[in-house]
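Engineer: From the sequence below, what's the structure:
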Amino acid sequence: KNDLIEIIQSIRGNKCLVLEPQLGGLLNLIIIEGSKLLKENGVVLFKELKYDLTNEFIIDNIREIPENIIYLTRPNLNMIKMIAKQIKAYNKTGLRCQFHIYFIPHRTVVCEQMLEDEGVLQYIEIGEYHLGLIPFEYDILSLELDNVYKQCYVDGDTSSLNIIARSLVKFQNTYGLIHNIKSKGTNSKKVLQKLFHLRREDEMTNQQLIDKQNVNIHSEINSLILIDREVDLVSPLITPL
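Structural biologist: Prediction:
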């Protein structure tokens, strides 16, 4: 939540927040204060990402385009193409504002290349929003990365393992250092190695902060077990009784 608020606060002027359709429900789980907190930080409109938004900008019953349009989206080529078409439409109508795209959880070269090929990259400020673990229940957290299994085992793209490792680092910064960590499976072992590497980097760059955290944050979790999905492919297919 704090990361998203920092992003919004860093952008001056009024803002329209445009969300990929699947993200709206997830943000509601993170920002429990609802839209009130976002409005307090200059967000005047909330829209779902769809093909035409140019006729939907109405503020206080007056058609007005916000100073900033902030897109939150996964690095999905279909979404990026839709955004590019919208920016072209804004420019053709003479509407002027600053466009921002924040990729969740990270930007990709392929998406940036598409924006450049569409001729709109020069109009956009690009950033990243590391959404991290999302609390569905008090004891259920999820990264909601739908295509991780395909990316890792079909496409050979293991970039999502960095995301998992970073989310676990952030998790430990909140709940304390987990001393007993086990892994089962090849990719889980890679996540564990990346986790230890990130931890060492933090210790080297922020030693005083790490020492302070270790003193002040009591570890609430004794053990962490990382398990590859391929170790158990049957459980997700079981129909609940």
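Engineer: What is the least confident helix or strand in the chain?
Structural biologist: strand 58-59 (a mean of 45; mean pLDDT, DSSP states H and E).
Engineer: Which parts of this protein are helices?
Structural biologist: Ranges of helices within the chain are 2-9, 23-30, 35-39, 77-93, 109-117, 148-153, 159-175, 186-205, 207-216, based on DSSP state H.
Engineer: Can you list the neighbours in contact with the fourth one?
Structural biologist: Spelled out, that is helix 77-93. 20, 49-54, 65, 71, 73, 96-97, 99, 101, 110-111, 114-115, 118-120, 123-124 (Cβ atoms under 8 Å, 6 or more residues apart in numbering). In short, each C-beta sits where N, CA and C put it, glycine included.
Engineer: Point out where the protein drops to low pLDDT.
Structural biologist: 51-64, 206-218, 241 (pLDDT under 70).
Engineer: Contact partners for Arg229?
Structural biologist: Val148, Tyr149, Pro236 are the contacts of Arg229 under Cβ under 8 Å, 6+ apart.
Engineer: Can you give me the distance of the second one to Glu116?
Structural biologist: Shown here: Tyr149 relative to Glu116, a distance of 30 Å by Cβ to Cβ, to the nearest Å.
Engineer: quick one: which of the two has more around it?
Structural biologist: The neighbour count for Tyr149 versus Glu116, taken as other Cβ atoms under 10 Å, is higher for Tyr149 (16 against 13).
Engineer: What about the nearest residue to Ile8 once chain neighbours are set aside, how many residues nearby?
Structural biologist: Among residues not flanking Ile8 along the chain, Asn41 sits closest, at 4.8 Å (Cβ to Cβ, 6 or more residues apart in numbering). By other Cβ under 10 Å, the residues close to Asn41 number 14.
Engineer: cool, Lys92 as well?
Structural biologist: Lys92 has 9 nearby residues by other Cβ under 10 Å.
Engineer: do the same with Gly94
Structural biologist: Per other Cβ under 10 Å, the neighbour tally for Gly94 reads 6.
Engineer: State the phi and psi torsions of it.
Structural biologist: Note on Gly94: backbone dihedrals following degrees, to the nearest 10 are phi 90, psi 0.
Engineer: circling back to that earlier point, just the buried subset of the contacts of helix 77-93, please.
Structural biologist: Among the contacts of helix 77-93, those classed as buried by 16 or more other Cβ atoms under 10 Å are 20, 49, 53, 65, 71, 73, 97, 99, 101, 111, 114-115, 120, 123-124.
Engineer: In strands, which of the residues you listed appear?
Structural biologist: Of the buried ones among the contacts of helix 77-93, the ones assigned to strands by DSSP state E are Tyr71, Thr73, Phe99, Ile101, Ile124.
Engineer: Over to stretch 222-235 now: how far is its first residue from its last?
Structural biologist: The straight-line separation of the ends of stretch 222-235 (Cα to Cα, to the nearest Å) is 25 Å.
Engineer: What are the buried residues along it?
Structural biologist: For stretch 222-235, the neighbour count (16+ other Cβ under 10 Å) marks Leu224, Leu226, Asp228 as buried.
Engineer: Distance to Asp139 added to those residues, as a markdown table?
Structural biologist: Shown next, in a markdown table, are the buried residues of stretch 222-235 (distance: Cβ to Cβ, whole Å):
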| residue | distance to Asp139 |
| --- | --- |
| Leu224 | 14 |
| Leu226 | 17 |
| Asp228 | 22 |
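Engineer: Look up the closest residue to Phe136, ignoring the ones flanking it.
Structural biologist: Take Phe136 and drop its neighbours on the chain: the residue closest to it by Cβ to Cβ, 6+ apart is Ser142, 6.0 Å away.
Engineer: quick one: contacts for that neighbour?
Structural biologist: Leu133, Ile134, Phe136.
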